[in-house]
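[1] Fold the stuff below for me.
(chains A and B)
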Amino acid sequence: MANPDPRRADDAPVVEVRGLRKQYRDGTVALDGVDFSVARGEVFALLGPNGAGKSTTIEILEGYRDRSGGEARVLGVDPQHGDLAWRARLGIVLQGSAEADVATVRELIAHVARFYPNPRDVDEVIAAVGLEEKARTRIRNLSGGQQRRVDVALGIVGRPELLFLDEPTTGFDPEARRQFWELIRGLKGEGTTILLTTHYLDEAAHLGDRAGIIAGGRLVAIGPIDELGGPQAWVPIVRWRDAAGVHEERHEEPGRRVAELVRAAGAEPERLEIVRPSLEDVYLGLLGESADLEGVRA
Amino acid sequence: MSAATPSLAPAPSTPRLPRGRTARLGLERARFEVRTYFRHPDRVFFTFLFPVLMLAIFATAFSAFDFGRDENGDPVSAAAFYLPGMLAAGVLLSGLQNLAIDMAMEKSDGTLKRLAGTPLPVVSYFAGKIGQVLVTGLLQAALLLAVAALVFQVPLPTEPERWVTFAWVFLLGVTTCAILGIGLSQLPRSGRSASAVVIPIVLVLQFISGVYLRFSDLPVWLQNVAGVFPLKWLAQGMRAVFLPEGYASLEAGGDWDLGGIALATGAWLVVGLIVARLTFRWIRKDG
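    Model prediction:
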């Protein structure tokens, strides 16, 4: 093939969504105008409470659900009309796993690998998800966390350009999650674009380049993980106690503020703390704001 | 899409998938399906071994009964008399019951959804199912014939034309039942209720179609009801292969009516194909 690889040549977003809307038959509006895009090679995390619209979004992009409005492009294709050649470029890890499977780990992964034009080596994939010792075990006899690793293996065995991970580490023990993060970093290193939904904010913070927070079918924040919600959301908090009670102030320069406090009191302030907001603090703050807005709208 | 909103980026060219992969993946699916089929104990018992067990029971229980004589005047044993019905029942179970339950389960346990997310062609998926039914149905028929011949000393036909009849009745029957099973798999609301929906249908058909009861003993109206469904014709075709020529006079029309068998079964095949085509979805889209 003399043709240059067209996939590398263009720098169009791998996922692009504009004004995405989803209304179910019963009238429930699951998504109400969501916009975002994911660049090639990026890890993008969709965060949000249960029922916020994360899975609806990801299932629309995977081609499982039809949207009610707006536009969507995945690898340049409208996911509602994606063909098999398009599917061959995707890897999908759904929320639930097929627990009843009577095939062994290796049988199923090798089988699914044959669906793809350029699959990864089956044994390497099994090793990457840490299931070497279970390769000959039937999937229904695995633990929940191990079954989840099979799902991940099935998602990556086709060497996808774009990998969808819907709550991938549910049921993982802490060590398995760390291993999984390593795996995802490795995939990212190979240039795989990843769209991830997760409940674990530390997971999003570890893996994600950027994140979007969905609440009530709307994107309430989007940006690089450490800039979500704007700079003010990340301003450190200085907390201490004196005779008047507990004080809490946000300061760009917390050290200077503490020095002032020490000087003013002439002693060490009681219960002094300087806290840098974690992603979780910022996330909960943003959700709180969006709930307040909902209240105002209603 | 309004003119004010510029359209999103156009599709970059997606590399073509290699040709011939639909057939290759159909074979791959069939291999995988057959291998996993025998790991479901309930399926092996209620679909694969059930007709063999019933043949053994009937052959033993009715061994003292009179089932008539062949052209040489030798008595026809209970095993010989029930063998055609059990072969027909095997075709129905391996095709219709097996696939209807199997696919209802795959729909509800997420297997179909997972496959829908891969570049597996739908045609390859179906080819795998039909392949599974063909292979397991053939093994089942071979087991039935072996048990009949070796355990119950049933004389098997030697005329090639009878085996030709067997071949086309079996192939047409197994394909039709498989397709009807695919159609029927859309009926149960969940995988768990699949057996409860499918097994009664299959059981009633077996009772009215001459599998367990002598068809010529049934009242004519019941014979006519059974004549609407394919199992009656499959059983008749199997009787044409395995019973002495003289038994043809017991049939409704006084002969084996091979043309009628081909026509009735073929019609069900077409109906099944249309129903399967219209109702099958990888997953239920929610509109």
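
[2] How far does stretch B:16-23 stretch from one end to the other?
    Distance across stretch B:16-23, first residue to last, is 16 Å (C-alpha to C-alpha, to the nearest Å).

[3] list the buried ones in that stretch?
    Neighbour-count burial for stretch B:16-23, counted by 16 or more other C-beta atoms under 10 Å in any protein chain shown, picks out B:17, B:21. C-beta: built from backbone N, CA, C; applies to glycine.

[4] and it with chain A, contact?
    Yes. Using C-beta under 8 Å from any C-beta of the partner chain, stretch B:16-23 comes into contact with chain A via B:16-18.

[5] Now, those residues that are in strands?
    Taking DSSP state E, every one of the residues of stretch B:16-23 next to chain A sits outside strands.

[6] Show me which of the residues you listed is closest to A:L154.
    B:L17 (18.7 Å; C-beta to C-beta).

[7] From what I see, that closest one and A:N118 are in contact.
    No. The pair B:L17 / A:N118 is not scored as a contact, 10.5 Å apart, by C-beta atoms under 8 Å.

[8] Which residue is most remote from the mean position of chain A?
    Distance from the centre of chain A peaks at A:G266, with 47.8 Å (C-alpha atoms, centre = their mean).

[9] So which residues of the stretch 1-150 of chain A form strands?
    Using DSSP state E, counting those that start in this stretch, the strands of the stretch 1-150 of chain A run over residues A:15-23, A:29-38, A:43-47, A:69-74, A:90-93.

[10] Any idea which of these gets closest to B:V270?
    strand A:90-93 (35.6 Å).

[11] From the chain's centre, how far out is that closest one? Work that out for me.
    Taking C-alpha atoms, centre = their mean, to the nearest Å, one finds strand A:90-93 lying 13 Å from the centre of the chain it belongs to.

[12] check whether that strand contacts chain B.
    Yes. Against chain B, strand A:90-93 shows contacts by C-beta under 8 Å from any C-beta at A:90, A:92.

[13] Direction included, what does that strand pair up with?
    Neighbouring strands of strand A:90-93 in its sheet, by DSSP bridges, are strand A:162-166 (parallel).

[14] contacting residues around the strand it pairs with?
    A:14-15, A:54-55, A:58-59, A:61-62, A:74-75, A:89-95, A:152, A:155-156, A:184, A:187, A:192-198 (C-beta atoms under 8 Å, 6 or more residues apart in numbering or on different chains).

[15] quick one: A:V15 from B:K113, how far?
    To B:K113, A:V15 is 21 Å away according to C-beta to C-beta, to the nearest Å.

[16] what's the neighbour count on residue 150?
    If you meant another chain, say so; for now it's chain A. 24 (other C-beta atoms under 10 Å in any protein chain shown).

[17] Please refer instead to chain B.
    If we define neighbours as other C-beta under 10 Å, then B:L150 has 9 of them.

[18] Quick check: it vs B:F126, distance?
    36 Å.

[19] domain parsing for chain A?
    In terms of domains, chain A is parsed into A:11-225, A:231-297 (source: automatic domain parsing).

[20] would you turn those domains into TSV with mean pLDDT?
    Shown next, in TSV, are those (pLDDT from 0 to 100):
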stretch	mean pLDDT
domain A:11-225	92
domain A:231-297	84
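
[21] most tightly surrounded among those?
    domain A:11-225 (a mean of 19; mean count of other C-beta atoms under 10 Å in any protein chain shown).

[22] centre of the chain versus that domain, how much separation?
    8 Å.

[23] Let me see the contact set for residue 253.
    Using chain A. Contacts of A:E253 (C-beta under 8 Å, 6+ apart): none.

[24] switch to chain B, that's the one I care about
    Shown in contact with B:G253 (C-beta under 8 Å, 6+ apart): B:G260.

[25] I'd like the distance between it and A:A243.
    108 Å.

[26] mind listing the helices for the chain?
    Went with chain A since none was named. A:6-9, A:54-61, A:84-87, A:105-113, A:122-128, A:144-156, A:174-189, A:201-207, A:254-265, A:279-297 (DSSP state H).

[27] That was the other one, I meant chain B.
    B:21-37, B:41-43, B:50-61, B:78-92, B:98-108, B:111-116, B:122-146, B:160-184, B:191-208, B:220-226, B:230-242, B:258-279.

[28] Could you confirm whether the shortest one reaches chain A?
    Okay, so that is helix B:41-43. No. Judged by C-beta under 8 Å from any C-beta, helix B:41-43 stays clear of chain A, getting no closer than 10.0 Å.

[29] From the contact counts, what lies against that helix?
    On a contact count with 3 or more C-beta pairs under 8 Å, 6 or more residues apart in numbering or on different chains; DSSP states H and E, helix B:41-43 meets helix B:98-108.

[30] so how far is the helix it packs on off the chain centroid?
    Worked out by C-alpha atoms, centre = their mean, helix B:98-108 lies 14 Å from the chain centre.

[31] swap in stretch B:90-107?
    Relative to where its chain is centred, stretch B:90-107 has its mean C-alpha point 8 Å off (C-alpha atoms, centre = their mean).

[32] That one vs chain A: in contact?
    Yes. Contact of stretch B:90-107 with chain A is found when judged by C-beta under 8 Å from any C-beta, involving B:M105.
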